[in-house]
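Asks: Fold the following and give me the result.
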Amino acid sequence: MPQRADARRNYERILAAASEAVAEKGAEASLDHIAKRAGVGPGTLYRHFPTRQHLLDAVFHDRIVRLRDEAVRLLAEEPDPRAALGIWLRAFIEHLRVYRGLSDALKAIYDHGDQLMISSRDLLRWSVGTLLARAREAGVVRTDIDPTDLLRLGHGAGTVCEPEPSGDERADRFVRLLMDGLGVGAATNP
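Replies: This next block holds a predicted model:
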């Protein structure tokens, strides 16, 4: 049964407020603060998200879907495959930098076979894999790296960048270093 328009708006406002709160305060952000920020009462928040975990799941999934949507946008709008890959890697690192506590909180709770984590992993692999394949086909990146390698490299870069604005420069530098290392002719046998 589809949600009423006002219920859908409340859901979206709660999700947006939670996303901002988690970015600012981490996975332990106050649910009461999130409800106030969204302009709804606590009962409305709990109708949509019965537990903190349900809300964190929704925020996490929303962020991963946004990364997938960015990959789709880049595939359609960015004619330079190498640039598209670099732009997506920067968005991925930014996600990790800003939402650093969210992924860790969810990983600590879930078993390795949890459906949300599997789905998120698959969305990320598809996103980076599609952009990587396009860049390979264009001959602008080396062929001996796979999507999982890139996700791990991006994860490492995102983990060491501070969530504060000063981390922007470091994140940009890491993306340049990653893209240089991905270039055709980069050393493949260290």
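Asks: Least confident secondary structure element in the chain?
Replies: Ranking every helix and strand in the chain by mean pLDDT, DSSP states H and E puts helix 100-109 at the bottom, with a mean of 60.
Asks: which element follows it toward the C-terminus?
Replies: Downstream of helix 100-109, the first helix or strand assigned by DSSP states H and E is helix 115-137.
Asks: contacting residues around that following helix?
Replies: Contact with helix 115-137 is made by 57, 60-61, 64-65, 67-68, 70-71, 74-75, 81-82, 84-85, 88-89, 92, 106-107, 110, 141, 143, 145-148, 150-151, 154, 182, as judged by Cβ atoms under 8 Å, 6 or more residues apart in numbering. Every residue, glycine included, has its C-beta placed from N, CA and C.
Asks: Then stretch 69-87?
Replies: Contacts of stretch 69-87 (Cβ under 8 Å, 6+ apart): 88, 91, 126-128, 130-132, 134-135, 137-138, 140-141, 175, 178-179, 182.
Asks: repeat that for 7 Å
Replies: For stretch 69-87, contacts defined as Cβ atoms under 7 Å, 6 or more residues apart in numbering pick out 88, 91, 127, 130-132, 134-135, 138, 140-141, 175, 179.
Asks: ok, Ala76 to Gly154 distance?
Replies: Noted for Ala76: a distance of 22 Å to Gly154, by Cβ to Cβ, to the nearest Å.
Asks: Comparing those two, which shows the higher neighbour count?
Replies: Shown here are Ala76 and Gly154; by other Cβ atoms under 10 Å, Gly154 has more neighbours (24 against 9).
Asks: Give me the phi and psi angles of the more buried one.
Replies: Main-chain torsions, Gly154, degrees, to the nearest 10: phi -60, psi -40.
Asks: then stretch 12-20 to CSV, C-alphas only?
Replies: The C-alpha coordinates for stretch 12-20 follow below in CSV (Å, rounded to 0.1, in the frame of the first residue of the first chain):
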residue,chain,number,x,y,z
GLU,A,12,11.9,12.2,3.7
ARG,A,13,12.3,15.0,6.3
ILE,A,14,13.2,12.6,9.0
LEU,A,15,15.7,10.9,6.7
ALA,A,16,17.3,14.2,5.7
ALA,A,17,17.5,15.4,9.3
ALA,A,18,19.0,12.1,10.4
SER,A,19,21.6,12.2,7.6
GLU,A,20,22.7,15.7,8.7
